[in-house]
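S.K.: Structure, please.
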Amino acid sequence: MAPSKLIATLDAYLARAADRRGRRGLPAPQVLVMAPDFEYTFGDQQMPFHAASIGKLATAALVMQEVELGRVALDASVTDLLPASVTAGLFTGPGATVEQLLAHTSGIADYFEGKADGPRFIDIVVRETDTMWQPDDLLAFTRDRQRPVGAPGQRFAYSDTGYVLLGRILEELTGVSFTDLLRSRIFGPAGMTESVLWLREPGPAEIAPLWLNGVEASQFRSVSCDWAGGGIVSTLSDLARLGRAMADGTLVTRSTYELMTTARHRFRPGIWYGLGAMELRYGGFMPLLRLPRTYGHLGVLGTHLFGDEKSTIVMNFHDTREMRASFQTHVRIQQGLNRLSRD
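M.R.: This is a model prediction of the structure:
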């Protein structure tokens, strides 16, 4: 396939998607695709947006930097790294390890989407819009309103709460705020000049609209609720820089990156999880899809950052209800890149 034909095909497909979304009040998807001798863009390339759980890549990279420096071990117990007042009531059985937090096998509940006594957390976010959530508030929600989902190491269970604990561990280990760690050890080295930890430091006055279960929440203070689990606001190009810096040795060594991206557990059909990073196995979406595996992370708002040695795909679909549409687009792009590489 010629690059011009792929561009025309993607333009037509995404124009139809933008029209469908426009009738529902949603903006056009933001899309950036980079591959050898090929670049494709669609939608607003400059508008910063909430990257959601793509930010877990940055948190995991910070933890693995500490591992590389010898300041913490993957098998270190969380209860040895944090005060008892922080970890009390979050686990069942013996204390979980740093590795289990990274891999979502610690048994800790998930404050953001997990079951809770009383209103779900996401319902509180869209109702109590002026709440500024602090990390200890997020841990308290799990401690007071949820129960562990299993013993440490027993099974995979995705948990934003676990990544809040990783953020707290990083602060304890370094004596530096999570905000400053991101800026000095992730954003700076990766060249991410347009990225911030949302509402924790000066940032853009406006971000792209985002819908949480049908409610537009981009200006809510309560969107401060994801911290080390994915509180980064960024741009398409900055997230592409993050993906490259993860893979090329800028942020972690190549062997560490391979460890992070080695699949351990199935998250969803076609999506596998390592240590803070996802692997897409496209045949899991549809058995006949024979495409190269890619690595990165997605976010609940239909945000994607995935790539392989040759290509990077970054997308924002703005909405918790647009995950399926975002993956349909992702697969179409990956099919086009695959044909492009063969021709």
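S.K.: all helices of this protein, in order?
M.R.: 3-22, 55-68, 78-81, 84-87, 98-103, 121-127, 135-145, 160-174, 178-182, 188-190, 227-230, 236-247, 254-261, 323-342 (DSSP state H).
S.K.: Out of these, flag the one nearest G307.
M.R.: Each of the helices of the chain was scored for nearness to G307 using C-beta to C-beta, and the closest is helix 236-247 (5.1 Å). C-beta here means a position set from N, CA and C on the backbone, and glycine is covered the same way.
S.K.: Quick one: mean pLDDT over the closest one.
M.R.: Helix 236-247 comes out with an average pLDDT of 98.
S.K.: From the contact counts, what lies against it?
M.R.: strand 30-35, helix 55-68, helix 188-190, helix 254-261, strand 303-307, strand 312-316 (3 or more C-beta pairs under 8 Å, 6 or more residues apart in numbering; DSSP states H and E).
S.K.: Mean neighbour count and distance to E216 added to those, as TSV?
M.R.: TSV is the format used below for the helices and strands packed on helix 236-247 (neighbours: other C-beta atoms under 10 Å; distance: least, C-beta to C-beta, whole Å):
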stretch	mean neighbour count	distance to E216
strand 30-35	22	16
helix 55-68	24	21
helix 188-190	16	30
helix 254-261	16	34
strand 303-307	26	16
strand 312-316	27	14
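S.K.: Give the closest residue to L32 in space, chain neighbours not counted.
M.R.: In space, and not counting its chain neighbours, L32 is closest to L236: 3.9 Å by C-beta to C-beta, 6 or more residues apart in numbering.
S.K.: my guess is that neighbour contacts T312, does it?
M.R.: No - L236 is not in contact with T312 according to C-beta atoms under 8 Å; the separation is 9.9 Å.
S.K.: any common contacting residues for these two?
M.R.: Any residue near both L236 and T312 by C-beta atoms under 8 Å, 6 or more residues apart in numbering counts here, and that gives L32.
S.K.: follow-up on the earlier one: among the helices of the chain, which comes closest to H304?
M.R.: Of all these, helix 323-342 comes closest under C-beta to C-beta, at 5.8 Å.
S.K.: Run the chain-centre distance for the closest one.
M.R.: When distances are taken as C-alpha atoms, centre = their mean, to the nearest Å, helix 323-342 is centred 19 Å away from the chain's centroid.
S.K.: Then stretch 303-321?
M.R.: Offset of stretch 303-321 from its chain centre (C-alpha atoms, centre = their mean): 10 Å.
S.K.: low-scoring stretches of the chain, by residue?
M.R.: 1 (pLDDT under 70).
S.K.: In PDB, could you pull the C-alpha coordinates for stretch 200-207?
M.R.: Presented in PDB, the C-alpha positions along stretch 200-207 are these (Å, rounded to 0.1, in the frame of the first residue of the first chain):
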ATOM      1  CA  ARG A 200      -0.600  19.500  41.000                       C
ATOM      2  CA  GLU A 201       1.500  22.100  39.200                       C
ATOM      3  CA  PRO A 202       1.000  25.000  36.800                       C
ATOM      4  CA  GLY A 203      -0.400  23.800  33.500                       C
ATOM      5  CA  PRO A 204      -2.600  24.700  30.600                       C
ATOM      6  CA  ALA A 205      -5.800  26.700  31.300                       C
ATOM      7  CA  GLU A 206      -7.800  24.300  29.100                       C
ATOM      8  CA  ILE A 207      -7.600  20.600  28.300                       C
END
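S.K.: buried set for it?
M.R.: Buried residues in stretch 200-207, counted by 16 or more other C-beta atoms under 10 Å: R200, I207.
S.K.: what does stretch 213-226 give?
M.R.: For stretch 213-226, the neighbour count (16+ other C-beta under 10 Å) marks A217, S218, F220, S222, V223, S224, C225, D226 as buried.
S.K.: follow-up on the earlier one: need the helices and strands packed on helix 236-247 in CSV (columns: distance to F121).
M.R.: Below are the helices and strands packed on helix 236-247 laid out as CSV (distance: least, C-beta to C-beta, whole Å):
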stretch, distance to F121
strand 30-35, 26
helix 55-68, 17
helix 188-190, 30
helix 254-261, 27
strand 303-307, 19
strand 312-316, 22
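S.K.: related to what we said a few turns ago, adding distance to G276 as columns, could you present the helices of the chain in CSV?
M.R.: Formatted as CSV, the helices of the chain follow (distance: least, C-beta to C-beta, whole Å):
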stretch, distance to G276
helix 3-22, 30
helix 55-68, 2
helix 78-81, 16
helix 84-87, 20
helix 98-103, 5
helix 121-127, 22
helix 135-145, 18
helix 160-174, 8
helix 178-182, 14
helix 188-190, 15
helix 227-230, 11
helix 236-247, 10
helix 254-261, 6
helix 323-342, 20
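S.K.: what's the closest of those helices to E201?
M.R.: Each of the helices of the chain has some distance to E201 by C-beta to C-beta; the shortest is helix 178-182, at 5.4 Å.
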